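K.L.:
Provided below are the primary sequence and the corresponding predicted coordinates.
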Amino acid sequence: MAFSPAATLRRDDFPPEPLARSSVFAAVAATSALELLMSSTSPDHLDQFNRLVDIIARLRDPERGCPWDRVQTHHSLRRFLLEETAEYLDAVESGDHQAMCDELGDILLQVVLNAQIAAENGHFNMADVARSEADKMLRRHPHVFAPEETTAATSETALRRQWDDIKKREQAGRQPRSALDGVPRCLPALARAQKMLSKAGQAGFEWPDFDAALAKVDEELAEVRAAAASDDQDALAEELGDLLFTIVNLCRWQQLQAEDVLQDTIGKFRQRFTRLEKTLADQGLTSATATQEELQQAWEAAKMLEEKP
């Protein structure tokens, strides 16, 4: 299928047409939002975006395109989206803004390529993707785009409640099978667990307080010890999973993201271990040849270096 001009993103593709679905979002939201988009979107932004869309369409051309790009599908591209996202997160952690720019471009490539594949099959195009997301942002930010039509919501808690209420209204016509629907299966395990626990809590399945949630960790730890003593690997795996799940719940209770907490700890461990390796190398040792006492001393030295101002 040749690339259609209709799949190119234009300024005309931005009007917030579905806002009338909710009484909260009146015409004032559409007008103010459109004015904002028109004033803040430079021609170069759209020109460069459309250039990328045209390039991807050419790469997918059945006759003149790239053999690799032509055979890609939504399923074959899944791992690339995950990899590019991970590389962007690494760039963020390193503080390398040029790398962040490059990796965001790689993520954008995945978005445009998937939209092009969908357009070729008559499902949706890039303009549909952008329009859908723009409309969603307008609907979910009435305090910005329709302040005259809404009560002020300024605190993080109030804004989160407003977001969730609007999201529920958007999904009112759907038939959810469970309160846990909507948690992506492909999320990293910690993030998936936390989202699932949050949904369960919103549905009323919740500990009365943090102390009760903390006591559950003690209970699960005792069960891990019992399973380890029984030499039953299947039972141990199950109990370790339960323990991890309850620890994620502690993070949720303290409004911490378990994924971020563990990533920070991994980073700290890597930093300390690298220092340990250097300390041992200065002594002509490695982590494989050092005694347990030497390893412990090098580890404590690494921690002390970390604590120095």
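P.N.:
Arrived safely. Residues are numbered from 1 along each chain as shown.

K.L.:
could you identify the helix or strand that succeeds the helix or strand where L89 lies?
P.N.:
Remark: L89 resides in helix 78-94, with elements defined by DSSP states H and E. Next along the chain after helix 78-94, taking DSSP H and E as the criterion, comes helix 97-120.

K.L.:
what's that next one packed up against?
P.N.:
Using 3 or more C-beta pairs under 8 Å, 6 or more residues apart in numbering; DSSP states H and E as the contact criterion, the secondary-structure elements in contact with helix 97-120 are helix 43-59, helix 78-94, helix 126-140. From N, CA and C alone the C-beta is placed, and that goes for glycine too.

K.L.:
so what's the gap between the last one and the chain middle?
P.N.:
Computed by C-alpha atoms, centre = their mean, to the nearest Å, the separation of helix 126-140 from the middle of its chain amounts to 18 Å.

K.L.:
where does A179 sit: helix, strand or coil?
P.N.:
The local conformation at A179, judged by DSSP: H, G, I helix; E, B strand; the rest coil, is coil.

K.L.:
which residues does it contact?
P.N.:
A179 makes contact with K199, A200, Q202, A203, according to C-beta atoms under 8 Å, 6 or more residues apart in numbering.

K.L.:
and it, how close does it get to L244?
P.N.:
With distances taken as C-beta to C-beta, to the nearest Å, A179 is found 22 Å from L244.

K.L.:
thought K216 was touching T246?
P.N.:
Yes - between K216 and T246 there is a contact at 4.9 Å, judged by C-beta atoms under 8 Å.

K.L.:
neighbour count winner among these two?
P.N.:
The residue with more neighbours, out of K216 and T246, is T246; 21 against 18, by other C-beta atoms under 10 Å.

K.L.:
who's in contact with that one?
P.N.:
Contacts were defined as C-beta under 8 Å, 6+ apart; by that measure T246 touches A213, K216, V217, E220.

K.L.:
just the buried ones from those, in ChimeraX syntax?
P.N.:
One line in ChimeraX is enough to select the buried members of the contacts of T246, burial here meaning 16 or more other C-beta atoms under 10 Å:
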select :213,216,217,220
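
K.L.:
still on that earlier bit, average pLDDT across the helix holding L89?
P.N.:
Mean pLDDT, computed over helix 78-94, is 91.
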